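Engineer: Fold the following, please.
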Amino acid sequence: MKKKYKKKFGEDTLELFFESNEIEDDETKEYLKDILFGVSESEEKICGLIEKNLKENWTIDRIPKINISLLKVAIYEMIYANVPYKVAINEIVELSKKYSDEQAKSFINGILASVVKDENLEIKE
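Structural biologist: Next up, the predicted model:
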């Protein structure tokens with residue numbers, strides 16, 4: 001997985017990001033790389049799940065980029081990274097409160113709740 005995306009994102013770019021954000025912990029670096037590469041590799045399925053759960057007459061293009069990014073991370077965590085869905089949803093909703101508009105938390109929560117139902121996700125201990 002990493003080889004495919006090294007060209008797209010570049011290890012130098014990642015290291016610069018870590019440096020400029022003072023991220024030194026190796027576990028944190030690996031987690032961020034996993035999210036970045038994992039979302040990129042699974043983007044088609046993840047976007048399909050988002051689109052499937054939008055209300056009628058809505059398209060993914062109408063959703064603000066920050067909300068799309070938050071949805072992608074949460075869906076990746078729930079489906080591929082074995083993060084319990086309640087944890088993933090709670091964390092992403094909290095981030096939406098900080099970085100998006102007031103309606104985002106309800107919108108994101110609704111989409112993610114639909115994904116949980118459609119994908120038959122269960123609580124993971």
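Engineer: Next, the contact list for the nearest residue to residue 97 once chain neighbours are set aside, please.
Structural biologist: Closest residue to residue 97 apart from its sequence neighbours, by Cβ to Cβ, 6 or more residues apart in numbering: residue 105 at 5.5 Å. No exception for glycine: its C-beta is placed from N, CA and C like everyone else's. Residue 105 makes contacts with 93, 96, 97, as judged by Cβ atoms under 8 Å, 6 or more residues apart in numbering.
Engineer: I'd like to know which of these are buried.
Structural biologist: Neighbour counting by 16 or more other Cβ atoms under 10 Å classes 93, 96 among the contacts of residue 105 as buried.
Engineer: and which of the contacts of residue 105 is nearest to residue 39?
Structural biologist: Taking Cβ to Cβ as the measure, residue 39 lies nearest residue 96 of those, at 16.5 Å.
Engineer: Sticking with the closest one, tell me its helix or strand.
Structural biologist: In the assignment (DSSP states H and E), residue 96 maps to helix 85-99.
Engineer: C-terminal to the worst-scoring helix or strand of the chain on mean pLDDT, what's the next element?
Structural biologist: None of the helices or strands of the chain scores lower by mean pLDDT, DSSP states H and E than helix 2-9, at a mean of 50. Downstream of helix 2-9, the first helix or strand assigned by DSSP H and E is helix 11-20.
Engineer: mind checking pLDDT for residue 42?
Structural biologist: On pLDDT, residue 42 comes in at 96.
Engineer: Can you give me every residue that contacts the residue nearest to the spatial centre of the chain?
Structural biologist: Nearest to the mean C-alpha position of the chain, counting by Cα atoms, centre = their mean, stands residue 73 at 0.8 Å. By Cβ under 8 Å, 6+ apart, residue 73 lies in contact with 35, 39, 92.
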